[in-house]
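Participant: Predicted model, plus sequence, below.
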Amino acid sequence: MHFDWHFFEHLLLHPPNSFIQGAIRTVYLAVIAQILGVGLGLLFALWRRNGRLPLRIFASGYIWLVRGTPLLVQAVIVYDGLAGLGLYSFPDQHVFGVLIPGVIQAGIITLAMNEGAYMAEIMRAAIDSVDRGQTEAAVSLGMRRRQAMRHVVLPQAMRVVIPPLGNEFNNMLKVTSLLSVIGLQELFLAAQDYNSATFRTFEIFLVVAIYYIAMTTIWSFIQSAIERRLAARGGDLIDRITLRERLFGGGALAVAGQLRGAR
Amino acid sequence: MRGELVESLPGQSGGAAGRPVVEATGVHKWFRRNHVLDDVSLTVDEGEVVVIIGPSGSGKTTFLRCINHLERIDEGRLLVNGHLIGYRETAKGKLVEDAEAEIARQRQEIGFVFQQFNLFPHLTAAENVALAPIRVRGAGRSQAMEGATRLLARVGIEEKRDSYPRQLSGGQQQRVAIARALAMSPALMLFDEPTSALDPEMVGEVLEVMRGLAAEGMTMVVVSHEMGFARRVGDRVVMMDEGRVVEVGAPGDLLDRPRRERTRAFLAKVLH
């Protein structure tokens, strides 16, 4: 078989509905899971730093377990494993009047729990990067430690978090494809189904790759805009990252990536 | 520069015997095996300006930090405004650390100015000053920002109210830090080497603000190497070395006619 230009071009410009639905799902899975993951990460980071001993142990154990196992395995345990034991089988549910299929609930929960462990490490590093004198200045004014964390330390830590957070979300957009293993119809699984009917594997997955790169590239622009706005308000606490570095690597982003290590 | 403080603090400068604001008795502190405070006793009266001098590692900064409980003490008693700071006494006479809320409440009465300023870099000068009144006192934002502007005017940098700390010179930053501490209307101000991190040409503007505060009757404890300031503004000078108070006296006596050999040797090095 030769590369079928006509097939490729038609698929790229006039994708079937299943592709569009899949791409939309990929985006909203990633957005919701990332938001929940940031929340979980902040919680675990705070527990691990300042919590009581049982909370510290729980947070450390959680991070150890999640970072020590593949996402693919986690997804199968959460969705198929729990159901297999008869513990919980994710029924379809209405949330705010929208029907959310069980598999999507399981997918979001898996991604969020996974992301929470990585975000916890990023948050912890960011909080540690804020000088101790900041907390001292806050408590010397009569603030309590919790207030100092909320009003003085966290706003500064968040600026440090933005570049690695953008990296995490870029990864999240792509990692959603792993949820195909539990039968979640996102972009990758939609393409696989299409492939089994046409066997134009190369053309189909080239189109899928282009879709993914379009999504991550658009995100790069959004992230640049966010960082520019933050820098304009209050200062260059973040090292400037050029768009070239963001897209092709190197510079500050590479350093931020090392925080997490290879996944 | 003259403002509310004149009315709120009737105490005269010049060490007129007011009520004691700081009372330290037999204070000890160890960092592991290092005896950093060794039986320190010192009383500071209302309206008094006490300048603590001594070589680095003498425990003067640690002592200052104990006065608003940024550091714990291991032995002795340390009272601010007549109350134990950071601790409460059990029925058996043992000292246990206070609840966080109580420590926070006590610290509102004590302003602290850091060597490195420690301004909040994500907030403007005025927001730095207004943050504690808003979050701790529950003041309304517009009212707190007005108050902040008045305080910035008092330290002579009203026009910088919307600047961020990194846009300010060191001297300006330290003046914002002083305004920030004053925003909680403290009864006592602690200064930890407030001019040591400054370029020489900026030292004067900060000392001038501190001199104004002293003239208005503020009770102040100042750790400093500025002997000129100690002489002109201080009511008493305290010489510390190796965790101990070596000598206490009026600036004219201690700086010109030190009784202890240790003081004499230190001054010889500092004054050349």
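Facilitator: Sure, I can see it. Values in this document were obtained by computation on a predicted structure and should not be read as measured data.

Participant: what packs against the strand or helix carrying A:F7?
Facilitator: In the assignment (DSSP states H and E), A:F7 maps to helix A:5-13. In terms of contact count using 3 or more CB pairs under 8 Å, 6 or more residues apart in numbering or on different chains; DSSP states H and E, helix A:5-13 is assigned the packing partners helix A:201-232. Every C-beta, even on glycine, is put in place using the N, C-alpha and C of the backbone.

Participant: can you pull the contacts of B:H35?
Facilitator: With contacts defined as CB atoms under 8 Å, 6 or more residues apart in numbering or on different chains, the neighbours of B:H35 are B:28-29, B:243.

Participant: Give the rounded mean pLDDT of the helix holding A:F7.
Facilitator: Confidence over helix A:5-13, taken as the mean pLDDT, stands at 91.

Participant: buried residues in the next helix or strand after that helix?
Facilitator: Helices and strands here follow DSSP H and E; after helix A:5-13, the next one along the chain is helix A:17-50. Within helix A:17-50, the residues that qualify as buried are A:19, A:22-23, A:25-27, A:29-30, A:33-34, A:36-38, A:40-48, counting by 16 or more other CB atoms under 10 Å in any protein chain shown.

Participant: Hey, what's the angle from helix A:17-50 to helix A:201-232? Just curious.
Facilitator: Our comparison of helix A:17-50 with helix A:201-232, counting by axes from the mean of the first three to the mean of the last three CA atoms, to 10 degrees, yields an angle of 40 degrees.

Participant: just for the stretch 1-150 of chain B, where's the confidence low?
Facilitator: Under the criterion pLDDT under 70, the flagged ranges of the stretch 1-150 of chain B are B:1-17.

Participant: on that earlier part again, which of the contacts of B:H35 are buried?
Facilitator: Here the buried ones among the contacts of B:H35, as counted with 16+ other CB under 10 Å, turn out to be B:29, B:243.

Participant: Please produce a markdown table containing the contacts of B:H35, extended by secondary structure and distance to chain A.
Facilitator: A markdown table is the format used below for the contacts of B:H35 (DSSP: H, G, I helix; E, B strand; the rest coil; distance: CB to the nearest CB, whole Å):
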| residue | secondary structure | distance to chain A |
| --- | --- | --- |
| B:H28 | strand | 22 |
| B:K29 | strand | 17 |
| B:G243 | coil | 22 |
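
Participant: what's around B:D241, how many residues?
Facilitator: In terms of burial, B:D241 registers 21 neighbours under the definition other CB atoms under 10 Å in any protein chain shown.

Participant: ugh, wrong one, B:I157
Facilitator: Other residues near B:I157 come to 22 when the count uses other CB under 10 Å.

Participant: need the contact list for it.
Facilitator: For B:I157, the residues meeting the contact criterion (CB under 8 Å, 6+ apart) are B:125, B:168, B:172, B:175-176.

Participant: Which positions in the stretch 101-250 of chain B make contact with chain A?
Facilitator: Where the stretch 101-250 of chain B comes near chain A, counting by CB under 8 Å from any CB of the partner chain, the residues are B:101, B:104-105, B:107-108, B:110-112, B:114, B:116, B:118-123, B:131-132, B:135-136, B:164, B:166, B:177, B:180-181, B:183-184.

Participant: Only whichever of those are buried, select them in ChimeraX.
Facilitator: Typed into ChimeraX, the next command selects the buried ones out of those (criterion: 16+ other CB under 10 Å):
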select /B:104,107,108,110,111,112,114,116,118,119,120,121,122,123,131,132,135,136,164,177,180,181,183,184
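
Participant: Give me the phi and psi for the nearest residue to A:Q93 once chain neighbours are set aside.
Facilitator: In space, A:Q93 comes closest to A:I100 once its chain neighbours are excluded; the distance is 5.6 Å by CB to CB, 6 or more residues apart in numbering or on different chains. The phi and psi torsions at A:I100 (degrees, to the nearest 10) take the values phi -110, psi 110.
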